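1. Return atomic coordinates for the entry below.
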Amino acid sequence: MAPATMLDKDLTDAVSGRYWHALDDGRVQCDLCPRFCKLHDGQRGLCFVRACRDGEIVLTTYGRSSGFCVDPIEKKPLNHFLPGTPVLSFGTAGCNLTCKFCQNWDISKSREFDKLQEQASPEMIAEAAVKTGCKSVAVTYNDPVIFLEYAVDVAEACHARDIKMVAVTAGYMCAEPRAEFYRHMDAVNVDLKAFTERFYRDLCSSELAPVLETLKYLKHETDVWLEITNLIIPGENDGDAEIEEMTTWVMENLGPDVPMHFSAFHPDWKMMDKEKTPLETVVRARRIAMKNGLRYAYTGNVHDPEGDATYCHHCGEILVGRDWYELSIWNIKFEGNYTGNCGNCGTPVAGVFDGPPGDWGRKRQPLHFAKG
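-> Residues are numbered from 1 along each chain as shown. Here you go, the predicted structure:
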């Protein structure tokens, strides 16, 4: 697919990027994602943040963020990874997808670097996580795949301080960078946007197949904790047949223990004409997933305590009760080494647990780094 056509003469602040090769016609091809943007000198890829400078690919947003915020880990959403704890979240600008329904469009579709007002080195981010009591740092808001070099360096700095690393992504990337990126991650939520090539082609200018490859890679070739989000849009991907097919695929290819979050859409970006998703639609999707064998299915962006809760798949007792991001019930017995069992029947609970749950709740704390 064609890259953006705008040209930049001043890329002096950019850092060298990885995953590209030179073409015979003088251009360079970015090999980070299946878009394979082919760029002349000074030209940016569709993601906007990767560009060609002096015959190589560079990253233009290293160390620059659209903002930092301490969120509940459940907001990513991750319900089985260090429940109740705060996570230091940040993103940059740009995206390698063009989703017409993007709910972070002011960041992901940004072509203005004045949105990147926060500057922080990887070591500064790790230190901030320690000082704010965060158990993890998340690269999120826009897709971290496009700023791989920065994300990997942040992960290394965080791991040196015993801070976990989380990615929230659409999973649209090539095999070699995929292996490097996830080697540095501890948990990931992949946005499985739909289960048809039509949806990905017409609404995201991308493809479904590479996302499915990422999901299989994560489950079978890494130790990264994996959860999936499906944003349900009325009239686009809300049919029972599609949800049946998607959840059956997850069950058969990833197994019963990968949590799925079915989230309600609200009108945004270029899909203001769509109605918001009714509660009954996400509830129905959750029920279909559970019918097809998935043990952990959730509703999102709606007030639904039943759909927020985690249940033991063996005895049916509530393991974790939630009201939005507040934990109301805790019935998981911590067994050490990040494992937990049902407090009622002793059945193992899939996830990453570290002692008692946190109590961060629904708090949201913006974080600013000192200038200079």
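2. Tell me which helix or strand the closest residue to Thr347 other than its chain neighbours sits in.
-> Excluding its sequence neighbours, the residue lying closest to Thr347 (C-beta to C-beta, 6 or more residues apart in numbering) is His314, at 4.0 Å. For glycine as for every other residue, the C-beta is placed from the backbone atoms N, C-alpha and C. Here His314, judged by DSSP states H and E, is contained in no helix and no strand.
3. mind checking pLDDT for His314?
-> With respect to pLDDT, His314 scores 97.
4. Next up, the contacts around it.
-> Applying C-beta atoms under 8 Å, 6 or more residues apart in numbering, we find His314 in contact with Cys342, Cys345, Thr347.
5. In this protein, spot the strand with the most residues.
-> Looking across the chain with DSSP state E, the single longest strand is strand 225-232.
6. Counting by contacts, list what the very next helix or strand once past it packs against.
-> Moving toward the C-terminus from strand 225-232, the next helix or strand (DSSP H and E) is helix 240-254. The elements that helix 240-254 packs onto, with contact taken as 3 or more C-beta pairs under 8 Å, 6 or more residues apart in numbering; DSSP states H and E, are helix 209-221, strand 225-232, helix 279-291.
7. quick one, which of those is packed in tightest?
-> Using mean count of other C-beta atoms under 10 Å, the stretch among the helices and strands packed on helix 240-254 with the largest mean neighbour count is strand 225-232, at a mean of 23.
8. who touches that strand?
-> Contacts for strand 225-232 (C-beta under 8 Å, 6+ apart): 77-81, 101, 103, 186-194, 215, 218-219, 237-238, 246, 250, 254, 258-265, 277, 281-282, 285, 300, 351-352.
9. From those, which land in strands?
-> Checking the contacts of strand 225-232 against DSSP E, those in strands are Ala187, Val188, Asn189, Val190, Asp191, Met260, His261, Phe262, Ser263, Ala264, Gly300.
10. biggest separation within the residues you listed, which pair?
-> Ala187 and Ala264 (23.1 Å; C-beta to C-beta).
11. Using JSON lines, lay out the helices and strands packed on helix 240-254 together with mean pLDDT.
-> Output for those, formatted as JSON lines (pLDDT from 0 to 100):
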{"stretch": "helix 209-221", "mean pLDDT": "98"}
{"stretch": "strand 225-232", "mean pLDDT": "98"}
{"stretch": "helix 279-291", "mean pLDDT": "98"}
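12. Now render the ones you listed as a markdown table, adding distance to His40.
-> Listed next are these as a markdown table, based on distance: least, C-beta to C-beta, whole Å:
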| stretch | distance to His40 |
| --- | --- |
| helix 209-221 | 25 |
| strand 225-232 | 35 |
| helix 279-291 | 45 |
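13. I'd like the distance between the residue nearest to Leu218 when sequence neighbours are not counted and Gly255.
-> In space, and not counting its chain neighbours, Leu218 is closest to Leu226: 4.9 Å by C-beta to C-beta, 6+ apart. Using C-beta to C-beta, to the nearest Å, we find Leu226 at a distance of 10 Å from Gly255.
14. Phe334 too?
-> Remark: distance between Phe334 and Gly255 (C-beta to C-beta) = 23 Å.
15. do Asp202 as well
-> 31 Å.
16. Give me the more crowded residue out of those two.
-> Shown here are Asp202 and Gly255; by other C-beta atoms under 10 Å, Gly255 has more neighbours (14 against 11).
17. That one and Lys219 touch, don't they?
-> Yes: between Gly255 and Lys219 there is a contact at 7.0 Å, judged by C-beta atoms under 8 Å.
18. Now do the same for stretch 130-144: mean pLDDT, whole number.
-> Confidence for stretch 130-144, expressed as mean pLDDT, is 96.
19. Now find how far off-centre that stretch is within its chain.
-> 11 Å (C-alpha atoms, centre = their mean, to the nearest Å).
20. What distance separates the opening and closing residues of that stretch?
-> End-to-end span of stretch 130-144 (C-alpha to C-alpha, to the nearest Å): 22 Å.
21. Buried residues, that stretch. List them.
-> The neighbour-count check on stretch 130-144 (16 or more other C-beta atoms under 10 Å) flags Cys134, Lys135, Ser136, Val137, Ala138, Val139, Thr140, Tyr141, Asn142, Asp143, Pro144 as buried.
22. which residues does the third one contact?
-> Contact criterion C-beta under 8 Å, 6+ apart gives 73, 81-82, 85, 87-88, 129, 158, 163-166, 186-187 as the residues in contact with Ser136.
23. hmm, who's touching stretch 282-301?
-> By C-beta under 8 Å, 6+ apart, stretch 282-301 touches 77, 79-80, 229-230, 232, 238, 240, 243-244, 247-248, 250-251, 256-266, 277, 279, 302, 304, 307-308, 310, 313, 350.
24. Bridged to Gly67, which residues?
-> Here Gly67 sits in beta bridges with Gly91, going by DSSP bridges.
25. which regions of the stretch 201-350 of the chain lie under the pLDDT threshold?
-> For the stretch 201-350 of the chain, the stretches with pLDDT under 70 are 269.
26. Now do the buried residues in the helix or strand Glu123 falls within.
-> Take DSSP H and E as the rule and Glu123 turns out to sit in helix 122-131. Neighbour-count burial for helix 122-131, counted by 16+ other C-beta under 10 Å, picks out Pro122, Met124, Ile125, Ala126, Glu127, Ala128, Ala129.
27. How confident is the prediction for the closest residue in space to the third one that isn't next to it in sequence, by pLDDT?
-> Read that as Ile125. Spatial nearest neighbour of Ile125, excluding adjacent residues (C-beta to C-beta, 6+ apart): Val154 at 5.4 Å. Val154 carries a pLDDT value of 98.
28. repeat for the one 10 residues further on
-> In the predicted model, Lys164 carries a pLDDT score of 98.
29. Got the phi and psi for it?
-> Torsion angles at Lys164 (phi, psi; degrees, to the nearest 10) stand at phi -80, psi 160.
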